[in-house]
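Student: next input, structure requested:
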Amino acid sequence: MKSDLFASENLAQAAVAPGMSLQNAKSVRYNVNGEMLARQGAMIAFRGNLQFERKGQGIGGMLKRAVTGEGLALMSVRGQGEAWFAHQAGNCFIIDFEPGDALTVNGRNVLCFDPTLSYEIKMVKGAGMTGGGLFNSVFTGTGKLAVVCDGHPVIIPVTAQSPVFVDTDAVVGWSAALETGLHRSQSVGSMIRGGSGEAVQLKLSGEGFVIVRPSELTETVTGH
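Tutor: Numbers count the residues shown, from 1 in each chain. Okay, here's the model as predicted:
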């Protein structure tokens, strides 16, 4: 059987090292030898002797998800084998954490990560209970984290002299050391959104960077 479908870049080759790697721009492969963690529902295939177990978010996790529609519902993957992860054909990126690194990531953008990373779900300081999706996961430690993003992300530097304002639906993550708050703008809401009422942006200040995606949050609706 012959087809461009079977081009070498599409074939899953045997893993040569433990841990995660990019299978292609849209998926991550994890060679499991022990344990790893992944977002529930993100696994698209596996082979080998692997066991899967749902993990909770800790005390208050369910409340946070109910309030914001966000959260980080995880599963652990244990054993020996390979697993592939993806989410709605989004672009995948692997972030390598070194000692002292800390990154705040929106739960909807987490794909999978090494068990050596620590994570804690926190409410964005200064955001209160408004805006939606403002409970985020703070990752620290050493190891690798795979994130997924609709389209090609934009990395914007944040400096003490130039705070950055981002749409709460478009933000993927930011340096955990940045100060956060809400910025309300009637004029921006009326001009850009094309409607009445105020728009709310997340204000990030300090020294670091913010990652945004070139699309706002959309939900796939079925059953029309």
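Student: for the rest of this, base every contact and every neighbour count on C-alpha atoms.
Tutor: Fine.
Student: does residue 22 touch residue 31 like I think?
Tutor: No. Applying CA atoms under 8 Å, one finds residue 22 not in contact with residue 31, separated by 11.1 Å.
Student: more neighbours: those two, which one.
Tutor: When neighbours are counted by other CA atoms under 10 Å, residue 22 and residue 31 differ, and residue 31 comes out ahead with 23 against 16.
Student: residues contacting the more buried one?
Tutor: 15, 17-20, 80-83 (CA atoms under 8 Å, 6 or more residues apart in numbering).
Student: wait, what's in contact with the residue nearest to the spatial centre of the chain?
Tutor: Residue closest to the mean C-alpha point of the chain, counted by CA atoms, centre = their mean, is residue 109 at 2.0 Å. Residues in contact with residue 109 (CA under 8 Å, 6+ apart) are 147-149, 172.
Student: and the next element down the chain from the helix or strand of the chain with the lowest mean pLDDT?
Tutor: The least trusted helix or strand in the chain, going by mean pLDDT, DSSP states H and E, turns out to be helix 61-68, with a mean of 45. Downstream of helix 61-68, the first helix or strand assigned by DSSP states H and E is strand 74-85.
Student: quick one: buried residues of that next one?
Tutor: 74-78, 80-85 (16 or more other CA atoms under 10 Å).
Student: closest to residue 4 among these?
Tutor: Set against residue 4, the nearest of these by CA to CA is residue 84 (21.6 Å).
Student: I figured residue 176 hits residue 100, correct?
Tutor: No. With contact defined as CA under 8 Å, residue 176 does not reach residue 100; the gap is 10.8 Å.
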